[in-house]
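> Sequence first, then the predicted structure, then my questions.
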Amino acid sequence: MKKPSPKDRKHLKALWVAYALVSALCLTLALGGSLAWNIHKAKRESGKLAIQVARANFNKDQAFRHWGTQHGGVYVPVTEHTPPNPNLSHVPERDITTPSGRSLTLMNPAYMLKQLMEDYEEEYGITGHITSLKPLRKENAPDKWETEALRSFEQGNEETIEFTEINGEPHLRLMRPMTTQKGCLKCHGHQGYRVGDIRGGVSIAVPLRGYFSIFRQEVRSLMITHGVLWAFGMASIVFGFFHLGRNEKMRILSEKKLEEKEKFLQTVIDGIAEPVMLIGSDYSVRLLNLAAMGDEDYTALAEPPKCYQLGHDRDTPCDGETHPCPLDQVSLTGEPVSMVHKHSDRNGNERYVEVLASPLYRDDGTVEGIIEVSRDITKRISAERHLLRSLRDKEMLIKEIHHRVKNNLMVIQSLLRLQSRQIRDDADKEMFAESESRVRAMSMIHERLYRSGDLSTIDMPEYINSLALALFQNYRVQDSDVSLSVEIDNLALDIETIIPCGLIINEMVSNSLKYAFPEGRKGEIGVTLRDNSDATCTLSVSDNGIGLPEGFDIHNTPSLGMQIITALCDQIGARMEVLGKEGATFRMTFSLPDMEPGKGEPGKPVDGQDEKIAET
């Protein structure tokens, strides 16, 4: 991902400032609109409350008037404040005298209501006025607003409301019509009114100073609340702006550190001579060094290249034997893999590339991609092929040598056999037979090495059985008379150890066949080769014949065979034990070829041993 440039960061900072200013403006407008709406709502509610109070007063007055009308008026004492009503002079019983001599006058409902309004106006602050377009008293005449309201009643209007000022004080004026009832005709019938006619109206004036006081308190509370919200919002915007600025600084610092790490990582992998690539699970190359990039510049591409496009100029992922896909193999097993790709250069020459792929894991344990390291091994493959050809040539040569040695030994064996036919002395003939047996033992080893797939080892059980069978035939011994028991562990012995062991077995088995079973005596000869599990092995040759002669000492014996055995044991560094009870047992313990023996290395004769054997 491309990092923002300093110009982009400056533009981004200016954009954040604009966002902060727009946010502050939006907050101010929103809270200002909310304040205006709530003030308007509070004012409207105050007006509604004043209207309800005015209507309540009107209804109370009308209830009082209706009560008085139902009773035909009320008789009250005649006072200076309440003189007889001249408008009721036509009523016969307007003035009466009680039995006690008190003078009473009839007060009609309208007069009662007018006096009630006037007497208690100052105490309760609400002014009421009964008026009509045809007033009986001129002081009841309507003012201009009341006149317009009374005329609207004649047009069908049922209520008139106005917010105005009276004597410099805000008031709510409400006026409703009064309809003529039957009881009203007693006083107003001479004016031509009939039941149901609009006779006039009652206006109520409610002072609004108290409501305005409550309204101002509510406005003050709303302003304080909205002011606190505005201040908190502005503080949040300022805090957010500085917080974003601090985060931006930290982000820039983190990007700088990350960029330095990426540069360091790129420098490290660029210092690797072999191509190195980090490949995602979608085959895209996310990171590569100069060796992998070659002559192409892939950093300017809009999208990262695919690994099969970069390394193999293909349109699809690698598959098959010559181009197995390491990503697929790692995704399948979750383990590192190593494989060889076969390529062709521009000139058509074969190139071999060894690919080492290690998995990259996600947090959930699935494979996210691989780290691929490739190495051109064309020269190594060529050298290996050359070496294999050389090895095959050497194997053929060594096999040919073994074959020729075997043939030469067989020629010597045949010459000895032919020469022995001309010898009349039995001792000399036996000496030739023993020499022929020794040559046969060495010839059989070379023959088996020639036939073996491994030129360094042979099948010891098969070799010993064949050697013993040849000895039995040479000495004309039947299996029914003397049997052979062979027990050989699976040991890897080199040719320098096998030949002395074969000659030792040849000499010892020959001695057993010649001396252990005289006069047709029956018995058994055993040959064992055991692995001692301590880097040594033990070769034992035993028989259950007549045993060794009294005072036998293998190191002081004129027998040529025993001298050869002693010399061969010294050659392989073997320690010999001789047991003469119930037959004869010769036990030799020596180190395996890959261990360091006490006296020289296996496969290499101790100094002077070859010469000693030759002299013997």
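Sure, I can see it. Not measured: the values here are computed from a predicted model.
> The residue positioned nearest the centre of the chain in helix, strand or coil?
When CA atoms, centre = their mean is applied to the chain, the residue found nearest the centroid is residue 363 (2.6 Å). Residue 363 falls in the coil class when you classify it by DSSP: H, G, I helix; E, B strand; the rest coil.
> Report the separation between it and residue 258.
Noted for residue 363: a distance of 20 Å to residue 258, by CB to CB, to the nearest Å. Glycine gets a C-beta too; all of them are placed from N, C-alpha and C.
> Same check on residue 228?
Relative to residue 258, residue 228 is positioned 43 Å away (criterion: CB to CB).
> Would you mind listing where the stretch 301-450 of the chain has pLDDT under the threshold?
Filtered on pLDDT under 70, the stretch 301-450 of the chain yields the residue ranges 301-302, 311-313, 345-346, 398-399, 402-403, 406, 448-450.
> Helices of that one, residue ranges please.
Secondary structure of the stretch 301-450 of the chain, counting by DSSP state H, counting those that start in this stretch: helices at 307-312, 326-333, 378-421, 426-451.
> Any idea which of the ones you listed gets closest to residue 81?
Residue 81 lies closest to helix 326-333 among the helices of the stretch 301-450 of the chain, at 112.2 Å (CB to CB).
> Give me the neighbour count for residue 400.
Counted with other CB atoms under 10 Å, the neighbours of residue 400 add up to 11.
> what sits against it?
Shown in contact with residue 400 (CB atoms under 8 Å, 6 or more residues apart in numbering): no residues.
> Residue 118: which of the helices of the stretch 301-450 of the chain is closest?
Of the helices of the stretch 301-450 of the chain, nearest to residue 118 by CB to CB is helix 326-333, at 103.4 Å.
> May I have that closest one as CSV, with CA atoms only?
Extracted as CSV, the C-alpha positions of helix 326-333 are listed here (Å, rounded to 0.1, in the frame of the first residue of the first chain):
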residue,chain,number,x,y,z
PRO,A,326,5.5,-25.3,-3.6
LEU,A,327,2.6,-23.1,-2.3
ASP,A,328,0.1,-25.9,-3.0
GLN,A,329,2.3,-28.5,-1.3
VAL,A,330,2.9,-26.3,1.8
SER,A,331,-0.9,-25.4,2.0
LEU,A,332,-1.7,-29.1,1.8
THR,A,333,0.8,-30.4,4.4
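> by contact count, what packs against that helix?
Under the contact criterion of 3 or more CB pairs under 8 Å, 6 or more residues apart in numbering; DSSP states H and E, the helices and strands touching helix 326-333 comprise strand 337-344, strand 350-361, strand 367-376.
> for these, which one sits closest to residue 482?
With distances scored as CB to CB, the stretch of these nearest to residue 482 is strand 337-344 (58.5 Å).
> How about residues contacting the closest one?
Identification of contacts with strand 337-344 by CB under 8 Å, 6+ apart yields 312, 318, 322-324, 326, 329-330, 350-357, 374, 377.
> do that again at 10 Å, thanks
When contacts are defined by CB atoms under 10 Å, 6 or more residues apart in numbering, strand 337-344 is touched by residues 311-313, 318, 320-330, 349-359, 370, 372-378, 381.
> And those residues, which of them are buried?
The neighbour-count test (16 or more other CB atoms under 10 Å) marks 311-312, 318, 323, 325-330, 352-357, 359, 370, 372-374, 377-378, 381 as buried among the contacts of strand 337-344.
> about what we covered before: just want the phi and psi numbers for the residue nearest to the centre of the chain.
With angles defined as degrees, to the nearest 10, residue 363 sits at phi -60, psi -30.
> Same question for residue 173.
Here is the backbone geometry of residue 173 (degrees, to the nearest 10): phi -110, psi 130.
> Who's the closest spatial neighbour of it, skipping the chain neighbours?
Nearest non-adjacent residue to residue 173, counting by CB to CB, 6 or more residues apart in numbering: residue 162, 4.8 Å away.
> any idea how the chain splits into domains?
Residue ranges for the domains of the chain, per automatic domain parsing: 6-73+108-213, 276-376, 457-616.
> The second one: end-to-end distance?
Start-to-end span of domain 276-376 (CA to CA, to the nearest Å) is 12 Å.
> what distance separates it from the middle of the whole chain?
Distance of domain 276-376 from its chain centroid, counting by CA atoms, centre = their mean, to the nearest Å, is 23 Å.
> How about the longest one?
Put simply, domain 6-73+108-213 sits 73 Å off its chain's centre (CA atoms, centre = their mean).
> what's the closest of the helices and strands packed on helix 326-333 to residue 51?
Comparison of these against residue 51 by CB to CB identifies strand 367-376 as nearest, at 75.0 Å.
> Perfect, that will be all.
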